[in-house]
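pasted the sequence and its predicted model underneath.
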Amino acid sequence: MKSVEEKKENKNIDEEKHIKASKITEFEEKVIEIKRVSKKTKGGNAIGFAALVIVGNKSGKVGYGYGKAKNVADAIGKAISSAKKNIYTIKISGKTIAHEVTAKVGSSKILLKPAPEGTGIIAGGPVRIVMEMAGIKDISSKVLGSNNKLLNVKCAIKALQKLKK
């Protein structure tokens, strides 16, 4: 049987592990997409998951990550670590962007326009999340071409990188 002091010691170790595991970061994370993917192999189908995640601090820094794994939790973890490695700084003027900008990635094309104060974010799906995570409050956008979420996120970030102060 364990003594009372040994139990207290184990409890302290468990609390330290919990604090390290739930490490507080300045970035907020949002999962955009989780999809099931499969691959034909000699023994049948190998099933896995792919996750697309956006991270941002809502004041000019945003990044995206894509991760694949055999289970959902590992895929999201990989995507988050990838997103934290791919952080981009965005030039924001007030609550909107300074000027109109376009970008193209693959078959996806995006148009971003500054909007008057109080308009809000006029954007769909993944582009809206990118704008929220970047800290842009008033913007109008239009995605043309592909409706692939990963391409739209890449395209939105590329457009935001083109901004001049």
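Nice, thanks for sending it over. What you are looking at is a predicted structure, and each value in this text was computed from that prediction instead of being measured.

can you give me the helices for this structure?
Applying DSSP state H to the chain gives helices spanning 4-21, 72-85, 125-134, 149-161.

which one of the ones you listed has the lowest average pLDDT?
Ranked by mean pLDDT, the helices of the chain bottom out at helix 4-21, which scores a mean of 50.

quickly list the domain ranges of this protein.
Split into domains by automatic domain parsing, the chain comes to 25-88, 92-161.

how many residues are close by the nearest residue to residue 154 once chain neighbours are set aside?
Among residues not flanking residue 154 along the chain, residue 105 sits closest, at 4.6 Å (CB to CB, 6 or more residues apart in numbering). C-beta here means a position set from N, CA and C on the backbone, and glycine is covered the same way. Residue 105 has 20 neighbours, counted by other CB atoms under 10 Å.

state the pLDDT value of the residue positioned nearest the centre of the chain.
The residue lying closest to the centre of the chain (CA atoms, centre = their mean) is residue 54, at 0.5 Å. If you check residue 54, the pLDDT there is 96.

same check on residue 123?
92.

tell me if I'm right that it and residue 132 touch.
No: in this structure residue 123 lies outside contact range of residue 132 using CB atoms under 8 Å: 9.2 Å.

so for the two, which sits in the more crowded spot?
Shown here are residue 123 and residue 132; by other CB under 10 Å, residue 123 has more neighbours (22 against 18).

can you tell me which residues contact that one?
By CB atoms under 8 Å, 6 or more residues apart in numbering, the contact list for residue 123 reads 131, 139, 140, 141, 143.

swap in 10 Å and give it another go.
By CB atoms under 10 Å, 6 or more residues apart in numbering, the contact set of residue 123 is 110, 112, 129-132, 136, 139-143, 152, 156.
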